[in-house]
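[1] I would like the atomic coordinates for the input below:
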Amino acid sequence: MFHKPLLLAVVAALLAAGTAGAQTYPDRLVKVIVPVGPGSSTDVVIRIIQPFLEERLKGQKLIIENKPGAGGIIGAESAAKAQSDGYTLLLGASGPMAGAPTLYKETRYDPENDFVPVSFLGEFAFVLVVPAQTSVRNLGELLKYAGTNRTTWGRGNAPGQLLGAQLAIKAKFETAEVAYKSEVEVATALMRGDIAFAFMATTTARPFVEARSLVPIAIGTGSRSVLMPDVPTMAEAGMPEYLPIKSWVGLFAPAKTPRDVVEKLSSEMQMVLNLPDVREKLKSIDFRPQGSDSAWLAAYLKEQLQAWKTVAQSAGIQPQ
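    Purely as a prediction, here's the structure:
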């Protein structure tokens, strides 16, 4: 049996150790696994945040490690297996965290049980684009073209996959899907004429639209884009039955990461996202910044898992 003074001493020591952990964290490099390729919209977000968060974390460097592939699943699986010490984090986008359980029969991680949410970062807008060398200039013309010609379409992430598959199924035209590792690869394929259309983040699509290599047709994520205010939503373009989805980004840590470390990371990220310079830079790429605590992101993730499932079922999309 423990003596009361000894037990109190043990409890006090454990509490002190936890406090010391938060106070000294981080004392070395922190790695952030980004499950998309360099230059993709999600990658751009963390690179904007990177120097500001480094400053908040005692000047420790954030090492960004891109691990694209399988709609973000490869990177998420890698992060799920990492040590739970706060030195490996996941930039969890909506695809691998909410889309993967809906779009794939098997994933080797559970978004809710294998990770602890740190902070929400914000949302993107997605746009339907076609190659500029075609005569298609609006949704009606695309539907007419795809209805009379067998077409292929591309996707570089899970939001692009769900949005594109929903369009093909609801429009009832014959088409084939081609998977790419990143949105930049999708844009290249569009310009080569390898595929007829794709949904991409407006951030990634903008330089190609400005260069007149791609033509924006409609916004697939609910409301009009700040970067492309003249482009209608899918409903405004003539498809009111189309169900928009949210494309979002959040920071996650492997399950069992110490609570005090998670709270410190969450607090610092929220501080960074409230900085005027950061907000201005993120809004300039059509990203709507919004920080949160761990509990809020946990509830949001649960909601999004159900939302993606509902959209997939409505569109008749079967897990692969």
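
[2] contacts, neighbours, all on C-alpha from now
    Will do.

[3] From Thr151, how far off is Val215?
    Distance from Val215 to Thr151, counting by CA to CA, to the nearest Å: 17 Å.

[4] how deep is the residue nearest to Val136 when sequence neighbours are not counted tucked in, by neighbour count?
    In space, and not counting its chain neighbours, Val136 is closest to Leu142: 5.7 Å by CA to CA, 6 or more residues apart in numbering. Each residue near Leu142 was counted by other CA atoms under 10 Å, and the total is 17.

[5] Quick check on Leu142: phi, psi?
    phi -70, psi -40 (degrees, to the nearest 10).

[6] and what of Gly122?
    Dihedral angles (degrees, to the nearest 10) for Gly122: phi 150, psi -170.

[7] Repeat that for Leu121.
    phi -110, psi -40.

[8] hang on, the earlier thing: the residue nearest to Val136 contacts Pro131, correct?
    No. Contact criterion CA atoms under 8 Å: Leu142 and Pro131 do not qualify, at 11.1 Å.

[9] Of Val215 and Thr151, give the one with the bigger neighbour count.
    Val215 (24 against 18).

[10] Point to the residue nearest the middle of this protein.
    Ala93 (2.3 Å; CA atoms, centre = their mean).

[11] confidence score at it?
    With respect to pLDDT, Ala93 has a value of 93.

[12] Not counting residues beside it along the chain, what's closest to it?
    Val249 (4.3 Å).

[13] what do you get for Ile285?
    Excluding its sequence neighbours, the residue lying closest to Ile285 (CA to CA, 6+ apart) is Thr203, at 5.1 Å.

[14] Okay, strands next: where are they in this protein?
    30-34, 62-66, 88-93, 115-124, 126-131, 151-155, 175-179, 197-201, 214-219, 247-254, 288-289 (DSSP state E).

[15] If you average pLDDT over each of those strands, which is lowest?
    strand 175-179 (a mean of 90).

[16] Go through that strand and flag the buried ones.
    Buried residues in strand 175-179, counted by 16 or more other CA atoms under 10 Å: Thr175, Glu177, Val178, Ala179.

[17] For Val118, give me its contacts.
    Listed by CA atoms under 8 Å, 6 or more residues apart in numbering, the contact partners of Val118 are Gly250, Leu251, Phe252, Ala253, Val262, Glu263, Leu265, Ser266, Ser292, Asp293, Ser294, Leu297.

[18] can you tell me which of the residues you listed lies nearest to Phe52?
    For the contacts of Val118, the minimum distance to Phe52 (CA to CA) is 12.8 Å, reached by Leu265.

[19] Tell me, how many residues neighbour the spatially closest residue to Pro159 that is not a sequence neighbour?
    Spatially, and ignoring its direct neighbours in sequence, Pro159 is nearest to Gly95 (5.9 Å; CA to CA, 6+ apart). For Gly95, the tally of surrounding residues (other CA under 10 Å) stands at 27.
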